[in-house]
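Undergrad: need coordinates for the following:
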Amino acid sequence: MAEFYHTINRGVDKRKIFLDDQDRFRFIHDLFEFNDQDLVKTTFYAFSKIKKQVVKIEQKQEKKKPRKLLVNILAFCLMDNHYHLLLEPLIEGGVSKFMKKLNMGYSRYFNTRHERQGTLFEGRYKRVLVKNEAHFIHLPYYIHLNPLDFKFYGWRERKIKNHKEAMKFLEDYRWSSHLDYIGKKNFPSVTQREFLLDFFGGPKEYKRKIREWLQNIDLESIKDISLE
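TA: Numbering: from 1, shown residues only. Down below sits the predicted model:
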C-alpha cells in the first residue's frame, strides 16, 4: 500500500482562517498552484488596501510549464477555522514541502488582504500516516462529512434524523472535494481522484457508500487518524 497522510491545520487560538468565499477560493487556488516541485514565482492577485478587494493583475504571463506534483491531493475540506487534506507524497518529503508552501503562501495572502500581522496557524500542521486499508476506507468519508458540523451537530453520534437532507446539504457545500467525487464538477483540477474512485467503484457507488457510512458511523474505527 502506498503512503497516505491525513493532515490538518487550524487557525491560531482557533481563529477563523476563511472569512468569506474570496478567502476560500484563494486557498483552493493555492492547493493547485503550490502543488509543484518548481518554485511558484507569481500569483495572479494583488490587493487594494483602500477597498480591501482582490483585483486581477493585468500583465503578460509567461507560458507555464506542466506541474511536477509534490503530492496527490486525494481529498480536501475547508471549514471556518481549519482544513483537512488527504495526501499521497510523490517524492521524498513531498508532504512537508507542499504543506510548507501552502501554509506560508496562504498566510501571506491572508495577512495582506486583511491587513494583519503575525502567525495565522496555531503551529506546524498535524499529520498522521494512514497505516492500514481499514482506516483508508473510512477517512475520505469522514473528511467530506465534516461540513455537517455547520447544521447537523450530532452527526458523529448518529443523531441525524433526515439523512437525505444531510446529503443535500453536502451537495450544496462547495468547499470540499465531495462534489467532484459524486460526479459534479466543482474544482476538478485540484484533486487526483482516479485511485479513490476506482477503489470505491465510481461516483454513484461512492455517493451510496458515504450515505450508508453516515447512517452507521463508528468513529472508533478512525479515532487514531481523525486528528480531532
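Undergrad: ok, the spatially closest residue to Q192 that is not a sequence neighbour - contacts?
TA: Nearest non-adjacent residue to Q192, counting by Cβ to Cβ, 6 or more residues apart in numbering: N72, 4.1 Å away. Every C-beta, even on glycine, is put in place using the N, C-alpha and C of the backbone. N72 is in contact with L87, E88, L90, Q192, F195, counting by Cβ atoms under 8 Å, 6 or more residues apart in numbering.
Undergrad: tell me the bridge partners for N72.
TA: Using DSSP bridges, the bridge partners assigned to N72 are E88.
Undergrad: which helix or which strand is home to the residue nearest the centre of the chain?
TA: In the chain, the C-alpha nearest the mean C-alpha coordinate belongs to F76, at 2.5 Å (Cα atoms, centre = their mean). Element membership for F76 (DSSP states H and E) is strand 71-78.
Undergrad: how far away from the center of its chain is that strand?
TA: Chain-centre distance of strand 71-78: 5 Å, with Cα atoms, centre = their mean, to the nearest Å.
Undergrad: most neighbours among the contacts of N72, which one?
TA: L87 (25 neighbours; other Cβ atoms under 10 Å).
Undergrad: isn't that residue up against L102?
TA: No: counting by Cβ atoms under 8 Å, L87 sits too far from L102 to count as a contact (10.4 Å).
Undergrad: measure the nearest residue to M167 once chain neighbours are set aside to D198 for me?
TA: For M167, ignoring the flanking residues on the chain, the nearest one in space by Cβ to Cβ, 6+ apart is R211 at 5.4 Å. Using Cβ to Cβ, to the nearest Å, R211 is found at 20 Å from D198.
Undergrad: with neighbour numbers in mind, choose between these two.
TA: Higher neighbour count among R211 and D198: R211, with 16 against 9, using other Cβ under 10 Å.
Undergrad: quick check: that one touching H163?
TA: Yes: counting by Cβ under 8 Å, H163 is a contact partner of R211 at 6.1 Å.
Undergrad: report the buried residues of the helix or strand encompassing F195.
TA: Element membership of F195 [criterion: DSSP H and E] is helix 194-200. Buried residues in helix 194-200, counted by 16 or more other Cβ atoms under 10 Å: L196, F200.
Undergrad: low-confidence ranges in this protein?
TA: Across the chain, the ranges flagged by pLDDT under 70 are 1, 41-63, 221-225, 227-228.
Undergrad: can you give me the helices for it?
TA: 21-33, 94-113, 133-145, 163-171, 178-181, 194-200, 203-215 (DSSP state H).
Undergrad: got the contact list for the last one?
TA: By that I understand helix 203-215. For helix 203-215, with Cβ under 8 Å, 6+ apart as the criterion, the contacting residues are 138, 141, 144-145, 155, 158, 160, 163, 166-167, 178, 181-183, 196-197, 200-201.
Undergrad: are any of those buried, and which?
TA: Going by neighbour count (16+ other Cβ under 10 Å), the contacts of helix 203-215 have 138, 141, 144-145, 155, 160, 166-167, 178, 181-182, 196, 200 buried.
Undergrad: turn those residues into JSON lines, columns for distance to E220.
TA: Formatted as JSON lines, these follow (distance: Cβ to Cβ, whole Å):
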{"residue": "H138", "distance to E220": "10"}
{"residue": "Y141", "distance to E220": "14"}
{"residue": "H144", "distance to E220": "19"}
{"residue": "L145", "distance to E220": "16"}
{"residue": "W155", "distance to E220": "15"}
{"residue": "I160", "distance to E220": "18"}
{"residue": "A166", "distance to E220": "21"}
{"residue": "M167", "distance to E220": "23"}
{"residue": "H178", "distance to E220": "23"}
{"residue": "Y181", "distance to E220": "24"}
{"residue": "I182", "distance to E220": "26"}
{"residue": "L196", "distance to E220": "23"}
{"residue": "F200", "distance to E220": "22"}
